[in-house]
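Participant: structure of the sequence below:
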Amino acid sequence: MAQEFSTYSSALMKQVKSAAPQKPVRPLRPRSPQTHEVRLIGGQWKRTKLAVVDHPGLRPTPDRVRETLFNWLGQDLTGWRCIDAFAGTGALGFEAASRGAKEVLLVEQDTTLVVQLKRVQTQLQASATQIVRGDGVAALKHLDPASMDVVFLDLPFDSALFEVALQAAGRAVAAVGFVYLEAPIRWSDAQLENAGLKVHRHLKAGAVHAHLLKRLGPPA
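Facilitator: Numbering: from 1, shown residues only. All right, here's what the predicted structure looks like:
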């Protein structure tokens, strides 16, 4: 990882950690190989299975949705800068790193999930990834404007933070970059306007609405 990203990530870690109260690390519960794994779809770690912590409310992005998302993004993310702001299992962030992203910041507030993310990072020897325990919205707000090629937003479906997270993502994403939003409802261009974003692609898979968003262009 480039020296400037390491310095940038270290500074961000100090800023966002204060937003997350310290919690003791809880022991992991037993895992079922059939229901508690995610599989990376493409790139250097294609078909690699990652163990997922049995954790209340944790909802990994389905394989079909991730495959479609990275088809939308063009498969090869070589040189891209990405943030997985509500990392959870880390499936989106590690998928981006597998496909060549040079810098992937994974932010997660839950201590147990952070421990598992670091295990996966070690398993994959994912040197392009940086894992930060902290608040996803705070992390987005501390990024330089227009600094990210992709912002991944996969919030808990019952979260009240969708609007504020989208506004922060709209500020952080590059002019030609993308914001990925996973939500329980379909978001319209009118709802996204305050965040400076618009719908570029949309997919519904079961209860999941997957959106690929782009920045609004200047007025005609």
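
Participant: helix or strand with the lowest mean pLDDT in the chain?
Facilitator: Least confident helix or strand of the chain, by mean pLDDT, DSSP states H and E, is helix 3-17 with a mean of 56.

Participant: so the residue most central in space within the chain bridges to which residues?
Facilitator: Most central in the chain under Cα atoms, centre = their mean is Asp84, positioned 2.1 Å from the mean C-alpha point. Per DSSP bridges, the residues bridged to Asp84 are Leu106, Phe152.

Participant: tell me the contacts of it?
Facilitator: Gly90, Leu92, Gly93, Ala96, Val104, Leu105, Leu106, Val107, Phe152, Asp154 (Cβ atoms under 8 Å, 6 or more residues apart in numbering). The way it works is simple: take the backbone N, C-alpha and C, and place the C-beta from them, glycine included.

Participant: switch these over to a markdown table; also include distance to Leu117.
Facilitator: Formatted as a markdown table, the contacts of Asp84 follow (distance: Cβ to Cβ, whole Å):
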| residue | distance to Leu117 |
| --- | --- |
| Gly90 | 5 |
| Leu92 | 12 |
| Gly93 | 8 |
| Ala96 | 14 |
| Val104 | 11 |
| Leu105 | 11 |
| Leu106 | 6 |
| Val107 | 10 |
| Phe152 | 14 |
| Asp154 | 14 |
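
Participant: what's the closest of those residues to Gly170?
Facilitator: Phe152 (14.0 Å; Cβ to Cβ).

Participant: pretty sure that closest one sits against Glu95.
Facilitator: No: using Cβ atoms under 8 Å, Phe152 makes no contact with Glu95, being 9.3 Å away.

Participant: what's the distance between the closest residue to Gly136 other than its chain neighbours and Ala190?
Facilitator: Take Gly136 and drop its neighbours on the chain: the residue closest to it by Cβ to Cβ, 6 or more residues apart in numbering is Ala85, 3.7 Å away. To Ala190, Ala85 is 23 Å away according to Cβ to Cβ, to the nearest Å.
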